Each structure stands twice: as C-alpha cells, then as structure tokens.
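Peer 1: I'll drop the sequence and a predicted model, then ask my questions.
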Amino acid sequence: MACVRVGYFEGFKGQDTLLIDGDTEGLSQLARSLTGLIAGDRDVLPLHSLPFVSAPNGVELSAHCATKDLGMLRRPNGFEWRRSARGWAGVVEQVLGVKEQGKCHQYLDAPSDAVVVMVSSGEYGEPWPRWGPTPWAK
C-alpha cells in the first residue's frame with residue numbers, strides 16, 4: 001500500500017526540516033501527483049490531503065506551480081511549496097531517484113527555503129520521528 005508521511009521537525013539533524021518519508025509506491029504516486037503541476041493540470045496541490053499521504057504531527061503542505069522558483073515558505077498552519085515548472089521537474093527527478101535507490105534521502109533545495117526539505121525512503125519507519133515540538137501541536 002502506498003504511504004507517504006510529511007512532518008515538520010525543529011532541530012532535525014541540526015536544522016528545522018520538513019521531512020517527506022515514503023515507501024516505493026508512495027514516492028511513485030507523489031512524483032505522479034507533482035507531475036500534474038508541471039503539465040499545468042492544476043496550479044495548487046494540497047499534498048497533505050492526498051489519499052496516500054499522512055501528516056502525523058498535523059502539518060499542512062500545499063504545492064504550487066509558480067512563475068518564480070521561491071521554494072518552501074512558512075504559513076500559519078503549515079507550509080507552501082512554490083516551485084516553477086522547471087523546479088518541480090527537478091523535484092520529481094529527485095523523488096524518483098530516492099525511490100529507485102532505496103534506503104536513502106535527498107535534500108530538495110530551492111533557491112530560497114524557509115526550512116530544509118528532505119525526501120527519504122527506508123530510513124524513518126515506525127515509530128515516526130518525534131524530534132522537537134511543532135507549531136501546530138501547541
């Protein structure tokens with residue numbers, strides 16, 4: 001069954017990090033969903049609402065196709081990920097690379113990110129990491 005988990009962790013490996021952790025099928029579905037942004041099928045994709053995505057610590061993450069590659073932005077209830085079509089193509093390539101490699105992670109850097117964005121596969125199983133408080137858990 002496809003599974004992707006999204007969580008925000010303060011001080012994760014020394015930096016505030018948005019972690020996207022998935023199994024092989026989950027990362028495949030994530031890449032397919034993000035490809036819709038590149039193709040222009042939609043402008044906004046609420047990743048936390050996809051049926052195969054869970055957000056154990058309540059973070060909301062929306063992906064936006066933008067004209068300018070802005071990266072990850074903080075919002076009151078979560079994060080807004082604004083990448084250009086070219087930026088999203090790079091993200092999809094990196095997500096698929098992690099899926100193919102297996103137990104590994106990749107940083108999904110943009111020109112400007114409010115927090116570190118990391119995609120992982122096979123590194124953070126159960127229990128889900130519990131590093132640091134989240135702004136939404138207060």
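Peer 2: Looks like it came in fine.

Peer 1: For the protein, give me the ranges with low pLDDT.
Peer 2: Low-confidence segments of the chain (pLDDT under 70): 126-138.

Peer 1: and the closest residue to Gly87 other than its chain neighbours, how many residues sit next to it?
Peer 2: Leaving aside its sequence neighbours, Gly87 sits nearest to Asp69 (C-beta to C-beta, 6 or more residues apart in numbering; 4.3 Å). (Each C-beta comes from the backbone N, C-alpha and C, glycine too.) Neighbours of Asp69 under the rule other C-beta atoms under 10 Å: 16.

Peer 1: what's the spacing between Asp69 and Phe52?
Peer 2: 26 Å (C-beta to C-beta, to the nearest Å).

Peer 1: cool, Cys3 as well?
Peer 2: Counting by C-beta to C-beta - Cys3 and Phe52 are separated by 6 Å.

Peer 1: Mutual contacts of the two, please.
Peer 2: Glu25, Gly26 (C-beta atoms under 8 Å, 6 or more residues apart in numbering).

Peer 1: So between the two, which is more surrounded?
Peer 2: Phe52 (18 against 15).

Peer 1: helix or strand right after the helix or strand hosting Leu37?
Peer 2: Assessed by DSSP states H and E, Leu37 sits inside helix 24-39. Once the chain leaves helix 24-39, the next helix or strand it forms, by DSSP H and E, is strand 44-46.

Peer 1: Show me the strands paired with the following helix or strand past that next one, marking each as parallel or antiparallel.
Peer 2: Moving toward the C-terminus from strand 44-46, the next helix or strand (DSSP H and E) is strand 53-54. Next to strand 53-54 in the sheet, as set by DSSP bridges, lie strand 4-12 (parallel).
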